[in-house]
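Undergrad: Test case, fold it:
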Amino acid sequence: MFVLSFASSHFAPSKISVLSILGLFFWPLTLLFILGMGVMLWRKEWRWLMVYATALLMGMYDMTSFFQLNLFTHEVDPLNADMKVMTFNVHLMGLYDGKESADHRDAILSQIQAENPDVFCLQESYWNEKQGSFFHWKNYPWLSAYSVHERATHTLSDGGHFGVLLFSKFPIVERGSIPFENEVNNFCIFSDILFARDTVRVYCAHLQSFRLKKKDLKLFDQDVDVEEIQNQSKPLAVQLYRSTVKRSKQVASLLENMKTCKSPKVVCGDFNDTPISYAYHSLSDLLIDSFCERGRGIGSTYRGPLPGLRIDYVLHDSYFDAKSYKSVDNLASDHRAVVVELARRN
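TA: Below is the predicted model of the structure:
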């Protein structure tokens, strides 16, 4: 199972459905596999230990996308122009959080203001242009320093919008979007910005979510009944598979747009998929993962009941080097913000 879990990311989900969701369980399978190696060592079964060790080495490259030490960092020319980028799934700015709505909104905005990014991308955002509304950037003077690219996936009768937002202190010279076939809840926008006398295309992507309900998440609780797991696991597996297939198609649309663009590129967003996934590998084959450059530890960005999941990313091409990487906790959202400092290479 361990070998199949990291092998799954190299095959399109539509072709090998059985493997498509194994990547979600790569981390616990790895821990179980290492425990198995310990058992083989204790029992002195050297032949099996060699088999286990070979399989572990085969998965080592994929493990580095989950866990990084980065003890030896490369130098970046401090005179090079840099760009601080942030991506954050803001959980509708706390709109439906009851009495804590305003506090959660303010916590999200305070965190963005404290980080002071040059470019930041928001997924699952909410805004309303009406005066006195819950949130609109025009009501915050410090946000006037940014140009804004917005794309609503839903608009309410009161004028409220749900969707994705891209803010840039650098001038935006062109705005565009990549619609995803048969899926209005997820979207990707891009802005061409002027940076260091070059034009850089920044993508803000929100890929297909698993849309897990509370009853689905309960299956991961320690006290759940075994019979309930048996009854619910099959429909849950089908749901996970379908969302994986959708993400692979969405990434294909994103890659098609990237191929037509000759400018340097930065891809930010909530991919709703781990590094052991076909969607991630399709992008990381062309782009550099800033976490692998500068991150440390596990790099988890999801704060839900499934621990250790990294599903929010800042990827870039060889035009940039990553100077720093961090994920920042915020109790106002079920995601951590990712903040990366990029520097133009010589």
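Undergrad: in the stretch 201-346 of the chain, what spans have low per-residue confidence?
TA: Applying pLDDT under 70 to the stretch 201-346 of the chain picks out residues 210-236.
Undergrad: can you pull the contacts of residue 180?
TA: Contact analysis of residue 180 by C-beta atoms under 8 Å, 6 or more residues apart in numbering lists 186-188, 208, 246, 249-250, 253. For every residue, glycine as well, the C-beta is placed using N, CA and C.
Undergrad: if we go to 7 Å?
TA: Shown in contact with residue 180 (C-beta atoms under 7 Å, 6 or more residues apart in numbering): 186-187, 250, 253.
Undergrad: from the residues you listed, which would you call buried?
TA: Using 16 or more other C-beta atoms under 10 Å as the burial test, the contacts of residue 180 include 186-187, 250 as buried.
Undergrad: Narrow those to those in helices?
TA: residue 250 (DSSP state H).
Undergrad: Compile the buried ones among the contacts of residue 180 into CSV and extend it with columns for distance to residue 94.
TA: CSV is the format used below for those (distance: C-beta to C-beta, whole Å):
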residue, distance to residue 94
186, 21
187, 21
250, 27
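Undergrad: Leaving out chain neighbours, which residue sits closest to residue 339?
TA: residue 86 (4.9 Å; C-beta to C-beta, 6 or more residues apart in numbering).
Undergrad: How far does the helix or strand hosting that neighbour sit from its chain's centre?
TA: For residue 86, the host element (DSSP states H and E) is strand 82-89. Distance of strand 82-89 from the chain centroid (C-alpha atoms, centre = their mean, to the nearest Å) equals 12 Å.
Undergrad: Could you do stretch 167-179 as well?
TA: Mean-position distance between stretch 167-179 and its chain equals 20 Å (C-alpha atoms, centre = their mean).
Undergrad: if you skip the residues just before and after it, what's nearest to the most centrally placed residue in the chain?
TA: Centroid-nearest residue in the chain: residue 312, 1.8 Å away (criterion: C-alpha atoms, centre = their mean). Using C-beta to C-beta, 6+ apart and skipping the chain neighbours, the partner closest in space to residue 312 is residue 301 (4.0 Å).
Undergrad: The residue of the chain positioned farthest from its centre sits in which helix or strand?
TA: Among the C-alpha atoms of the chain, the one most distant from their mean position (C-alpha atoms, centre = their mean) is that of residue 44, at 41.7 Å. In this structure, residue 44 sits in neither a helix nor a strand according to DSSP H and E.
Undergrad: List the neighbouring strands of the strand holding residue 86 plus their orientation.
TA: Paired neighbours of strand 82-89 in the sheet (DSSP bridges): strand 119-128 (parallel), strand 337-344 (antiparallel).
Undergrad: Could you dump those into CSV with distance to residue 281 and mean neighbour count added?
TA: Listed next are the strands paired with strand 82-89 as CSV, based on distance: least, C-beta to C-beta, whole Å; neighbours: other C-beta atoms under 10 Å:
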stretch, distance to residue 281, mean neighbour count
strand 119-128, 21, 25
strand 337-344, 19, 24
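Undergrad: Quick one: closest of those strands to residue 296.
TA: Smallest distance to residue 296 across those (C-beta to C-beta): 13.2 Å, for strand 337-344.
Undergrad: Residues in contact with that closest one: which ones?
TA: Identification of contacts with strand 337-344 by C-beta under 7 Å, 6+ apart yields 76, 80-88, 111, 115, 117, 196, 290, 301, 312-314, 316, 319-328, 330.
Undergrad: Of the residues you listed, which belong to helices?
TA: Within the contacts of strand 337-344, residues falling in helices by DSSP H are 111, 115, 290.
Undergrad: Can you report how many residues neighbour the closest residue in space to the first one that isn't next to it in sequence?
TA: In this case it means residue 111. Nearest residue to residue 111, sequence neighbours excluded (C-beta to C-beta, 6+ apart): residue 330, at 5.4 Å. By other C-beta atoms under 10 Å, 19 other residues sit near residue 330.
Undergrad: closest to residue 65 out of the strands paired with strand 82-89?
TA: With C-beta to C-beta as the measure, strand 337-344 is the member of those nearest residue 65 (14.3 Å).
Undergrad: any idea how far that closest one is from the chain center?
TA: For strand 337-344, the separation from the chain centroid amounts to 14 Å (computed by C-alpha atoms, centre = their mean).
Undergrad: And the helices in this protein?
TA: Under the criterion DSSP H, helices of the chain are mapped to 2-7, 26-42, 46-58, 60-63, 101-115, 214-217, 226-260, 278-284, 290-294.
Undergrad: With distance to residue 164 added, can I get these in a markdown table?
TA: Formatted as a markdown table, the helices of the chain follow (distance: least, C-beta to C-beta, whole Å):
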| stretch | distance to residue 164 |
| --- | --- |
| helix 2-7 | 30 |
| helix 26-42 | 28 |
| helix 46-58 | 37 |
| helix 60-63 | 29 |
| helix 101-115 | 15 |
| helix 214-217 | 25 |
| helix 226-260 | 13 |
| helix 278-284 | 17 |
| helix 290-294 | 20 |
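Undergrad: Looking at those helices, which is nearest to residue 156?
TA: So among these, helix 101-115 is nearest, using C-beta to C-beta, at 15.5 Å.
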